[in-house]
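>>> model this:
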Amino acid sequence: MKNYVKAAVLLLSFLFLCGGDSEDISNPGTYENPIIDSAMSYEQALEGLSADCPLNIKSRQRLINVKYYSFDDKIHQGQLVVDRDLADDIEFAFGEALKEKFPIYSVIPMSHVSFRKSGLWDDNLSMEANNSSCFNYRTIANSNIISLHASGRAIDINPVQNPYISGNTVLPVNSVYDLDVRGTLTGENIIVITLLSRGWEWGGNWAELKDYQHLEKNTRAVN
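Reported below is the predicted structural model:
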């Protein structure tokens, strides 16, 4: 009789464990089972890159996976293309943001079809989708100056909540910077604090214009 009881207990334990695994699979959004927003290969992440991008810049880019708490209150996993020197900074900052449950809408490389116009990477489309990204070989808005995004040394986070504001220009269009809205970056935000402590600069601190979504690190190790 004892053997039958022991077998029944083992069977129930097995069914419970299987049920737990099944539940995790059917309900993604945990640290162990995040919702995958991007799972590109390195080649896919650079597909459609401007032919003007110098090889020495392209060769420095790294594709990293990051987990983040999103606006649906679940954990997601996305990807960033970033200069090799800054990968550790970004991974650490995202880890700190995840601990604090600071929401980030999506993190998908610029090569995604949703962010292309006439086959080329389009920053406006990425911003309008509230997508966070790093590497994008382009100029600074309303100028001919090459952006630090063009070398993978800048990141834009939650553009809809953290617009670029210069005079009458607001990007993305119709965005509003409101400190009371979730996903807004401030001087007290964990991502801003973490990256500033590692030598980064935040566009929200600039005097002539405000680029609240933007953080950059200009200094670079010698190739």
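>>> Going by C-alpha atoms from here, please, whenever you check contacts or count neighbours.
Noted.
>>> hey, where'd the helices end up in this protein?
2-26, 42-45, 55-58, 87-100, 123-128, 190-196 (DSSP state H).
>>> Poorly predicted segments of the protein, please.
1-26, 142, 219-223 (pLDDT under 70).
>>> Could I get the contacting residues of the residue nearest the centre of it?
Taking C-alpha atoms, centre = their mean, the centroid of the chain lies closest to residue 107, which sits 3.5 Å from it. Contact analysis of residue 107 by C-alpha atoms under 8 Å, 6 or more residues apart in numbering lists 37-38, 77-80, 131-133.
>>> try it again with 6 Å
Shown in contact with residue 107 (C-alpha atoms under 6 Å, 6 or more residues apart in numbering): 78-79, 131-132.
>>> Likewise for residue 34?
28, 75-77.
>>> Quick check: the two most widely separated of those?
Across the contacts of residue 34, no pair lies farther apart than 28 and 77, at 11.0 Å, counting by C-alpha to C-alpha.
>>> List just the nearest of the contacts of residue 107 to residue 55.
residue 79 (21.5 Å).
>>> Which residue, neighbours along the chain excluded, lies closest to residue 47?
residue 111 (5.8 Å; C-alpha to C-alpha, 6 or more residues apart in numbering).
>>> So that neighbour versus residue 100, what's the distance?
Distance of residue 111 to residue 100, given as C-alpha to C-alpha, to the nearest Å: 29 Å.
>>> repeat for residue 51
Residue 51 is 40 Å from residue 100, by C-alpha to C-alpha.
>>> next one: residue 32
17 Å.
>>> Would you mind telling me which of those two has the busier surroundings?
Set residue 32 next to residue 100 and count neighbours by other C-alpha atoms under 10 Å: residue 100 wins out with 13 against 9.
>>> List the contacts of that one.
Per C-alpha under 6 Å, 6+ apart, neighbours of residue 100: none.
>>> swap the cut-off to 8 Å and go again
Counting by C-alpha under 8 Å, 6+ apart, residue 100 touches residue 190.
>>> same deal with residue 91?
residue 66.
>>> how about a cut-off of 10 Å?
64-67, 80, 97 (C-alpha atoms under 10 Å, 6 or more residues apart in numbering).
>>> now swap in residue 188 and tell me
By C-alpha under 10 Å, 6+ apart, the neighbours of residue 188 are residue 194.
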